[in-house]
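Asker: attaching a predicted model along with its sequence, questions to come.
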Amino acid sequence: MCCACSWLFRMMSAVAGDGFCLVKRRRGRGRSRRGEPPCAPLPPAPALTAAHFPDQPLDQLTALRRIRAAKEDLLESDYYKHFFNTLKESLSVIDKREVVEIISLGLGHIGDCTISRYQLALTLCLRDNFRVDCHVHDPIFYTDECHILETLDFKLIKENEEGKRTLRNDGITIVYLPHCPKQLTNNFLWNNWTTNLKNCVLIGNSFLRLIESQPHDNLNISAPYILNIQPYTEEFSLVNSFKFNDVFNDTSIHVFPARTLGLITDNFWHRDDSEPDYSNNVEFISSNIISRLRSRNS
């Protein structure tokens with residue numbers, strides 16, 4: 001996510017009296033190497049509706065044209081060649097079994113943000129290469145963005161599952177979480193906390209960099225499942241050579257080889273029955289946050 005995050009924080013400021021706490025970001029981030037802002041200027045925060053998350057009309061034909069152009073641009077880049085070769089290498093570690101589906105969460109505003117547009121372009125390239133269904137969701141998608149995704153033959157996940165999507169047993173699922181908060185990845189791991197993780201290729205923020213950059217005491221609260229699985233993860237770093245350096249930065253491919261998971265004792269896979277709780281953390285867009293935003297305007 002990119003400009004969408006800042007917009008969300010501004011929307012939350014309207015309900016600060018309900019207990020939300022805003023987190024300020026450092027200035028100077030979110031610009032491309034060439035000096036142009038990769039995302040469109042933030043629009044004024046629209047009024048909330050009771051029916052859906054804050055909405056904004058888009059020129060769908062223009063957005064589709066830009067998305068398709070971004071896909072062609074990406075396909076011709078050295079970054080994509082490097083990415084796909086690394087992906088093939090990661091698949092070889094998990095026995096080159098068939099990819100059966102793709103899940104992409106947290107793409108952000110694909111209609112008016114360049115970062116999100118190119119991340120969607122990568123999702124399109126993955127889907128077209130493997131010729132499987134791709135399921136997508138972001139609780140901040142505009143209605144018009146949902147129509148765009150349906151036009152592109154994506155399968156929309158209707159509810160905010162908060163990353164708790166269950167892996168299939170009949171092949172490999174590629175899970176793409178571009179620049180998503182660690183809590184979303186933690187939820188995904190919690191929901192699939194078994195040796196079935198061997199059926200997953202997870203593309204997202206580097207586990208290793210996360211663990212090296214944050215105190216373990218903090219991660220034990222906000223991302224314990226990432227912390228626990230990392231020693232048994234094979235991580236493939238990606239060189240950030242794309243022309244816009246804020247699109248695919250800090251991205252790695254993670255796999256969980258069966259030979260490694262088979263060495264873990266059964267006790268390791270015990271998990272809390274209660275779902276992870278990230279109260280008062282605006283980095284993570286929970287279903288509860290959206291409900292509170294909606295009720296504020298109802």
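Answerer: Thanks, I have it. Numbering: from 1, shown residues only.
Asker: all strands of the stretch 151-298 of the chain, in order?
Answerer: 155-156, 172-177, 200-205, 234-237, 251-255 (DSSP state E, counting those that start in this stretch).
Asker: out of the ones you listed, the one nearest N85 is which?
Answerer: strand 234-237 (10.0 Å; CB to CB). C-beta coordinates here come from the backbone N, C-alpha and C atoms, glycine included.
Asker: at the geometric centre of the chain, which residue sits there?
Answerer: L177 (2.5 Å; CA atoms, centre = their mean).
Asker: and the gap between that one and P57?
Answerer: Using CB to CB, to the nearest Å, L177 is found at 28 Å from P57.
Asker: next: D133.
Answerer: 28 Å.
Asker: about what we covered before: kindly reformat the strands of the stretch 151-298 of the chain as CSV and extend each row with mean pLDDT.
Answerer: Output for these, formatted as CSV (pLDDT from 0 to 100):
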stretch, mean pLDDT
strand 155-156, 98
strand 172-177, 98
strand 200-205, 98
strand 234-237, 98
strand 251-255, 98
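Asker: can you lay out those as CSV showing distance to Y80?
Answerer: Converted to CSV, the strands of the stretch 151-298 of the chain look like this (distance: least, CB to CB, whole Å):
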stretch, distance to Y80
strand 155-156, 23
strand 172-177, 14
strand 200-205, 13
strand 234-237, 15
strand 251-255, 12
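Asker: spatially nearest residue to G106 (excluding sequence neighbours)?
Answerer: C180 (3.9 Å; CB to CB, 6 or more residues apart in numbering).
Asker: ok, the one you found touching G108?
Answerer: No - between C180 and G108 there is no contact under CB atoms under 8 Å: 9.5 Å.
Asker: if we can go back for a sec, for the residue nearest to the centre of the chain, what are its contacts?
Answerer: S104, L105, G106, G163, L184, T185, F188, L202, I203, G204, N205 (CB atoms under 8 Å, 6 or more residues apart in numbering).
Asker: please give me every residue in contact with the nearest residue to it once chain neighbours are set aside.
Answerer: Distance criterion CB to CB, 6+ apart; nearest residue to L177, sequence neighbours excluded, is G204 at 3.7 Å. By CB under 8 Å, 6+ apart, the contact set of G204 is V175, Y176, L177, P178, H179, C180, T185, T251, S252, H254.
Asker: in stretch 74-84, which residues are buried?
Answerer: L74, Y79, Y80, F83 (16 or more other CB atoms under 10 Å).
Asker: for the stretch 151-298 of the chain, what are the low-confidence residue spans?
Answerer: 280-298 (pLDDT under 70).
Asker: hmm, 80 instead?
Answerer: 279-298 (pLDDT under 80).
Asker: fine by me, we can end here.
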